[in-house]
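Asks: Build me a model:
(one chain, ligands or ions: 2)
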Amino acid sequence: MGYYHTPSSIEDALSIADKYNDNYTFFAGGTDIQIYRKQKLDLNEHIIDLSLINNINTISMKNGTLSLGAMATLDEIFVSKKIQNNFPLIAKSVNSVATPVLRKTATIGGNLLVKNRCTFYNQSKGWRDSIGSCLRDVGDICQVTGGKDDCYARNVSDAATALIALNAKAVLTSLNGVEHRLVKDLYLPCGIKSHNLSKGTILTQIHLSLSPVKWWYKKLRLRKTLDFTSLTVAATVNKTGIVRVCLNGASMSPILIKESLDLLTLELLIKQARKHCKAVDNDLMPLKYRKQMINVFLEECWETISQKDTRTQSSK
Ligand SMILES: Cc1cc2nc3c(=O)[nH]c(=O)nc-3n(C[C@H](O)[C@H](O)[C@H](O)COP(=O)(O)OP(=O)(O)OC[C@H]3O[C@@H](n4cnc5c(N)ncnc54)[C@H](O)[C@@H]3O)c2cc1C
Ligand code: SF4
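Replies: Ligands and ions are numbered 1, 2, ... in the order given. Predicted coordinates:
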């Protein structure tokens, strides 16, 4: 039995969440969470649909600061001239998510909070039961490592990769008030508790003002559409020469490497990335190949970001 709620304000949504304690799920575009419901990975009785709430689906730009309402769809963001002209990295990243049809429903907030994935977990209940389940579900070991403590499910948000490289901030609203937090701090390096959000918190806006002088973006996946990432890399260089390289899809949370261009080398970049990525064999692509591709992507990225002067970008 399930109950479907359609609040028309943040306050109403928060009070419904408060009333049903841990037994509810926020629903934005639903493109991720509906599959969790179908696969019996989300069993909460109350669905709180955020789509009728006003003022959290707009895209605006004021004094160089871009504001994205959490309920703006990936397609609306991609087609926005403001974004294509001023933040092409965001346009690239949202356009690399899923498929054109899904992007018309999928929201930026839902993308930032998309659940971590693992080939042994994102399966039907029958499939999971047949292998004895795992730590993140009702089992007692990790099917990938055989361990009993840690889950290595991967964070797969493509938009997070770009927004962290752009040093974006998130606005979070709960009954305790409004909090501004860096997007990079929304994540925890854990496959089970992957987001650093208290229950009863709604992501309402994303703000950013950094317009980089150089950027780079690329996503590794089996097919050029539909598939989740096996590795996404986004990089920016700002006008003071600070490099921000973010890798996602390779570990439990996005990995940010931030350094002055004067001090950074390709070797250092690869060393830092390999050190922080806790990649295990839980993706459709083999682990060895995914690890090699970290070097390949960073080598290609470095060619762009280490160039002097010109405004450049690259992506696939
Ligand atoms: C075939 C397929 C391919 C896909 N490919 C990709 C891909 O390539 N890259 C990728 O990143 N994703 C992919 N996805 C996952 C998903 O479509 C996207 O991540 C999408 O952007 C999720 O947005 P949504 O609005 O549909 O989120 P929902 O499914 O509604 O929600 C996702 C999660 O975020 C929470 N949530 C949503 N909004 C808020 C909010 N404002 N405040 C608090 N919590 C919130 C929900 O409770 C839920 O846990 C794919 C999905 C499918 C079905
Ligand atoms: S990494 Fe291990 S514990 Fe985590 S979802 Fe996969 S199999 Fe389960």
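Asks: Just the mean pLDDT for stretch 178-193, thanks.
Replies: In this model, stretch 178-193 has an average pLDDT of 98.
Asks: send the alpha carbons of that stretch over as PDB?
Replies: The C-alpha trace of stretch 178-193 is given here as PDB (Å, rounded to 0.1, in the frame of the first residue of the first chain):
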ATOM      1  CA  VAL A 178      18.000  27.100   5.000                       C
ATOM      2  CA  GLU A 179      21.600  25.900   4.600                       C
ATOM      3  CA  HIS A 180      24.100  26.800   1.800                       C
ATOM      4  CA  ARG A 181      26.600  24.100   1.100                       C
ATOM      5  CA  LEU A 182      29.200  23.400  -1.500                       C
ATOM      6  CA  VAL A 183      27.900  20.700  -3.900                       C
ATOM      7  CA  LYS A 184      31.000  18.700  -3.200                       C
ATOM      8  CA  ASP A 185      30.000  18.400   0.400                       C
ATOM      9  CA  LEU A 186      26.700  16.700  -0.400                       C
ATOM     10  CA  TYR A 187      28.500  13.400  -0.800                       C
ATOM     11  CA  LEU A 188      30.000  10.800   1.600                       C
ATOM     12  CA  PRO A 189      32.500   8.100   0.600                       C
ATOM     13  CA  CYS A 190      30.100   5.300   1.400                       C
ATOM     14  CA  GLY A 191      28.000   3.300  -1.000                       C
ATOM     15  CA  ILE A 192      25.100   3.000   1.500                       C
ATOM     16  CA  LYS A 193      25.000   6.400   3.200                       C
END
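Asks: So for that stretch, what gets flagged as buried?
Replies: Neighbour-count burial for stretch 178-193 flags Val183, Lys184, Leu186, Tyr187, Leu188, Pro189, Cys190, Gly191 (criterion: 16 or more other CB atoms under 10 Å). C-beta coordinates here come from the backbone N, C-alpha and C atoms, glycine included.
Asks: was I right about the last one contacting Gly147?
Replies: Think Gly191. No: using CB atoms under 8 Å, Gly191 is not in contact with Gly147; the gap is 11.3 Å.
Asks: still on that earlier bit, near ligand 2, which of the buried residues of stretch 178-193 show up?
Replies: Among those, the residues that sit close to ligand 2 (CB under 6 Å from any ligand atom) are Gly191.
Asks: Would you map the strands across the stretch 101-250 of the chain?
Replies: All strands of the stretch 101-250 of the chain, identified by DSSP state E, counting those that start in this stretch, fall at 169-174, 177-182, 202-208, 214-220, 231-237, 242-248.
Asks: does stretch 118-130 come close to ligand 1?
Replies: No: Stretch 118-130 stays out of contact with ligand 1 when judged by CB under 6 Å from any ligand atom, the minimum separation being 10.1 Å.
Asks: From the centroid of the chain, which residue is nearest?
Replies: Against the mean C-alpha coordinate of the chain, by CA atoms, centre = their mean, the closest residue is Ser157 at 2.5 Å.
Asks: Run a quick neighbour tally on the closest residue to that residue other than its chain neighbours.
Replies: With CB to CB, 6 or more residues apart in numbering as the criterion, Ser157 has its nearest non-adjacent residue at 5.0 Å, and that residue is Val114. Number of residues near Val114 (other CB atoms under 10 Å) recorded here: 22.
Asks: near ligand 2, which residues of this protein?
Replies: 118, 120-121, 134-136, 142-144, 151-153, 191, 282.
Asks: Leu89: which of the residues you listed is nearest?
Replies: Of all the residues of the chain next to ligand 2, Leu89 sits closest to Ala153, with 25.9 Å by CB to CB.
Asks: so who does the closest residue in space to the closest one that isn't next to it in sequence touch?
Replies: Nearest residue to Ala153 in three dimensions, chain neighbours excluded: Gly191, at 3.2 Å (CB to CB, 6+ apart). Gly191 sits next to Asn116, Cys118, Arg136, Asp150, Cys151, Tyr152, Ala153, Arg154, Met252 when contact means CB atoms under 8 Å, 6 or more residues apart in numbering.
Asks: Just put the residues you listed in a markdown table and tack on pLDDT and neighbour count.
Replies: Listed next are the contacts of Gly191 as a markdown table, based on pLDDT from 0 to 100; neighbours: other CB atoms under 10 Å:
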| residue | pLDDT | neighbour count |
| --- | --- | --- |
| Asn116 | 98 | 26 |
| Cys118 | 98 | 22 |
| Arg136 | 97 | 22 |
| Asp150 | 97 | 16 |
| Cys151 | 98 | 23 |
| Tyr152 | 98 | 22 |
| Ala153 | 98 | 26 |
| Arg154 | 98 | 27 |
| Met252 | 98 | 25 |
